[in-house]
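need a structure here:
(chains A and B)
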Amino acid sequence: MIFCPLPLRGEGTIGHVADQSGFQPYFEAIGFGRWSFIDLLFRSRSLEIDTAESLDAVAAVVDKAVSQHGTRPQHLLAVLRQIQKDCHYLPKQALQSVARRFSLPLARVVGVAEFYGFLHTQPRGEYDIYFSDCVIDVFHDSEALMQRLCHRLRLQPGAVRGDRRVSIDTTSCTGLCDQGPALLVNGWPVPRLTPTLMDAMADHIERRVPVTQWPAEWFLIEDHLCRHDLLLNTPWRPGTGLKNALRQGVGWLLEQLTASGLRGRGGAGFPTARKWQFCRETPGDHYVVCNADEGEPGTFKDRELLKHYADQVFEGMTLAAFVTGARLGFLYLRGEYECLLRPLQAALRQRRCLGLLGRNLCGLMDFHFDIEIVVGAGAYICGEESALLNSIEGLRPHPRNRPPYPVTCGLWNQPTVVNNVESFAAASLIAVHGGEWFAKVGTEKSKGTKLLSISGDCARPGIYEVPFGITVAEVLGLCGSGETLGVQVGGPAGTFVAPSDYQRRIAYEDLGTGGSFMVFGSHRDIIDIATRFAQFFAHESCGFCTPCRVGTSLQLRLMEKIRRGWATAGDIQELESLKQLLEASHCGLGHTAHNPVQHTLAHYPGHYQARLRDLDFSPGFDLDNELETARQLTGRFGDHLRQV
Amino acid sequence: MPTISFDGQEITFEPGQTIIEAAMASDLYIPHLCWHPDFPPHGSCKLCSVKVNGRICSACTFPAAEGQEVVSSSEEVRQLRLRLTQMLFVEGNHFCPSCEKSGQCELQAMGYYLGMTDNHYPHFFPVRDIDASHPHVLLDRDRCIFCELCVRASRADGKNVFELAGRGIHTRLVVDSPSGKLGDSNLDVNDRAAHICPVGAIVVKETAFRIPIGQRKYDRRTIAEVSVAEEAPLLRKRYEQKED
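Sure thing, here's the model as predicted:
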């Protein structure tokens, strides 16, 4: 039996699960016939693309991807993703063919392809598995589970098995921390992993059961909407906000948004009304972009918003188009949420049927707006708005220089509104119920509510919609935490809050956050947490600027040194001095990469101190580590030392 | 004309100029590696970091604005630049004593200019490919600092021979040819891209060690002096062309 993602509904397939959990199957968009010629070729053990036949096969894959997605710059990522799916990697011939079709230099296509975590220029397994290495998943034993699966399938983590049946690796947070540990298999999320599940999965892979025929319950994503407020509680009917806005005019809508005090929910908190106004005032071909690249470890609110409130989000984008005059919008969906693509496309179709999207919106002669969805491929940096724009444009997603800002010079250098999923959802409700209704909740500078994604050591992880101004202590009460070491608010880039600071408030004027709220029980190791965050930044740094590219790696090395107990006081000094360097970085990733280290050092100097060696001098390298290459080559893993 | 304060000195600028352009137009040097007057600013090396009204900014991309207070020559900024230079040294493999670019290399000259006496950080010793396939041009990735000057120059040449690939610390310079080899690309030895590299990553073959020690570019002049002497006129020329 060969694996091929086929449209299989019912009969306990993923399609069936998906229906239950609100996910729609998306296989139709991907699949070949089960026994297609291409599949047969790619299944063969000696998969080298060198024969004329296999060259034809690659050409067919590219043809299919291109005819399905198109050859405009915004389609490049989709085409590459499709080829990766069909061939389990990006063969050189395919990249060459893509370069020709898109009229791009081959090296530029390679540059784009090599950037993303889910795209590979070397073959991957027919079952391509990624375990989330988010600290929350790790604390729920994801590493042991990965070891178990690897052991069962007889391969090393990070490797591809000799027969190319399976590859297992790690990836950054998959947005399932409320029901982790989690993994992705061929793009499909599997939450709530257990040792038994690992054994069963290994068995399915050995027997070559297609992922589409794996047990339905493995893929079930639970909702965990634990606290509802303004946003989650207010009933919604498609078109109500838009029609109200059309009746009362752009001026009215901007007034209401201003009165609502709505600020960007991604964490930066720029006033939404002003952003839309600036964009409107800048001449050009305007665009509206929804940032659904929710990559901050520990966040998963957009997963639920896009699952259950998608229409409201799209209406928010349409309102922004009404204000700015944009005719085209993009929703940039993180690759990890690809399972949401089909339902989102269905939601878009429904809006088109209702006359709420497309040409002549709401019957108006001069109002045209449509939305395309671009799916990412595993790069945290794409959550940075200008990197996201580059990603849509089919470029390497390096953050851009600012100024100019996207609002005046964004997508294809045109004025562009970029907002978070939650901001657009809120804007829709404001258009229905008015600004005052929204502003009644919250604090003076932070109006409304915030969706928190709570995970970690607490009784009830999930999504909590809380009014701004709520204290950390109150949030901990809601989710049922026990004794805690601290809380990471806003993800690794945010703030580590120690128990002495639990009276601090969730609000832009105090603890600004995109929504990640990770609870760490008192039994957790602070050094381990900070090291894993350092690892996250080193892995996700785009590499554009010197301080972040090199600085995040240096920071990780120092943290590792401390964690292993080899560091001295001088290393702590060195670690502290990296702060100023990282602050010279090009974008927010580098600017905030030092936060977890800085905050934990400030609150828990004793924990760091206890790991240090009482030495005046420590070697600049680890002898054991340096010998590793020689050990690999000779196959002698220190056994001979024991014989001495 | 509007002015900014640059290290306490009032200098004029034309609207639209970046801080580095304003400084360079007044023959004032700000350290830089990825900036070149002939190409669009990039902002990746961060050597041109200055304090603008108390905040660290890249002088090559940050627009000059009336009344700005720019600090470029404080000890704090020098220390930052020194550490950045050391980062560039340790992330690659830079063996100056045997390098044919020695004495003509901007990274090495920057080290001298900033008073660098050691690498400070542990070496990464990355394993990178060397490409000697081109008959006249050598690509030694060990020395690449990812300034993308060759990428920009090759685009200006109309060829797109060079691009960056990979991510983060694994970023690498790639060549646009079916084999990925320089020899199969359409790079010509007379292309600007073959001569723009500030370090020894892209060097023209059979030109090494021709200039005796003592007469090389940075043997008698600092990088600051060379930059003001050679790059400031290029910048002026660009403005004159613009006005025409």
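
quick one, helices of chain B?
Secondary structure of chain B by DSSP state H: the helices cover B:19-25, B:75-91, B:106-113, B:149-156, B:223-243.

quick one: the longest one to helix B:106-113, angle?
Just to be clear, that refers to helix B:223-243. Counting by axes from the mean of the first three to the mean of the last three CA atoms, to 10 degrees, helix B:223-243 lies at 130 degrees to helix B:106-113.

hang on, the earlier thing: please identify the most buried of the helices of chain B.
Highest mean neighbour count of those: helix B:19-25, a mean of 25 (counted as mean count of other CB atoms under 10 Å in any protein chain shown). Just so you know, the C-beta spots here come from the backbone N, C-alpha and C atoms, and that holds for glycine as well.

verify the stated contact: B:Ile211 with B:Gly103.
Yes. Between B:Ile211 and B:Gly103 there is a contact under CB atoms under 8 Å: 7.3 Å.

for the two, indicate the residue with more neighbours.
Legend: neighbour count by other CB atoms under 10 Å in any protein chain shown for B:Ile211 and B:Gly103, higher for B:Gly103 (19 against 13).

so what's the residue count around the closest residue to A:Gly358 other than its chain neighbours?
The shortest distance from A:Gly358 to any non-neighbouring residue, by CB to CB, 6 or more residues apart in numbering or on different chains, is to A:Arg352 (4.6 Å). Around A:Arg352 there are 15 other residues, counting by other CB under 10 Å.

three-state assignment of A:Arg352?
On the three-state scheme (DSSP: H, G, I helix; E, B strand; the rest coil), A:Arg352 is labelled helix.

grab the nearest non-local neighbour of B:Ala232.
Nearest to B:Ala232 is B:Met24, by CB to CB, 6+ apart, at 5.1 Å.

what does A:Gln84 give?
In space, and not counting its chain neighbours, A:Gln84 is closest to A:Leu119: 5.4 Å by CB to CB, 6+ apart.

quick one: whichever helix in chain A runs longest to chain centroid distance?
Counting residues, the longest helix found in chain A (DSSP H) is helix A:240-260. Averaged C-alpha coordinates place helix A:240-260 at 32 Å from its chain's average position (CA atoms, centre = their mean, to the nearest Å).

go on, stretch A:474-487?
Put simply, stretch A:474-487 sits 25 Å off its chain's centre (CA atoms, centre = their mean).

rewinding a little: right, and the residue nearest to A:Gln84 touches A:Leu80 too?
Yes. The pair A:Leu119 and A:Leu80 qualifies as a contact (CB under 8 Å) at a distance of 5.6 Å.

with neighbour numbers in mind, choose between those two.
A:Leu80 (24 against 21).

adding mean pLDDT, write the helices of chain B out as a markdown table.
Output for those, formatted as a markdown table (pLDDT from 0 to 100):
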| stretch | mean pLDDT |
| --- | --- |
| helix B:19-25 | 96 |
| helix B:75-91 | 98 |
| helix B:106-113 | 98 |
| helix B:149-156 | 97 |
| helix B:223-243 | 90 |
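
the ones you listed: which one's closest to A:Pro605?
Distance to A:Pro605, taken as CB to CB, is lowest for helix B:75-91 among the helices of chain B, at 23.7 Å.

which residues does A:Pro271 contact?
Listed by CB atoms under 8 Å, 6 or more residues apart in numbering or on different chains, the contact set of A:Pro271 reads A:258, A:261-264.

can you give me the pLDDT of it?
Looking at A:Pro271, its pLDDT is 97.

A:Leu104 belongs to a helix, doesn't it?
No. Read with three-state DSSP, A:Leu104 is coil and lies in no helix.

what number of residues lie near it?
So A:Leu104, with other CB under 10 Å, has 21 neighbours.

distance of it from chain B?
Distance, A:Leu104 to chain B, using CB to the nearest CB, to the nearest Å: 9 Å.

now do the phi/psi pair for the residue nearest the centre of chain B.
When CA atoms, centre = their mean is applied to chain B, the residue found nearest the centroid is B:Leu33 (2.1 Å). B:Leu33 adopts backbone torsions of phi -130, psi -40, taken as degrees, to the nearest 10.
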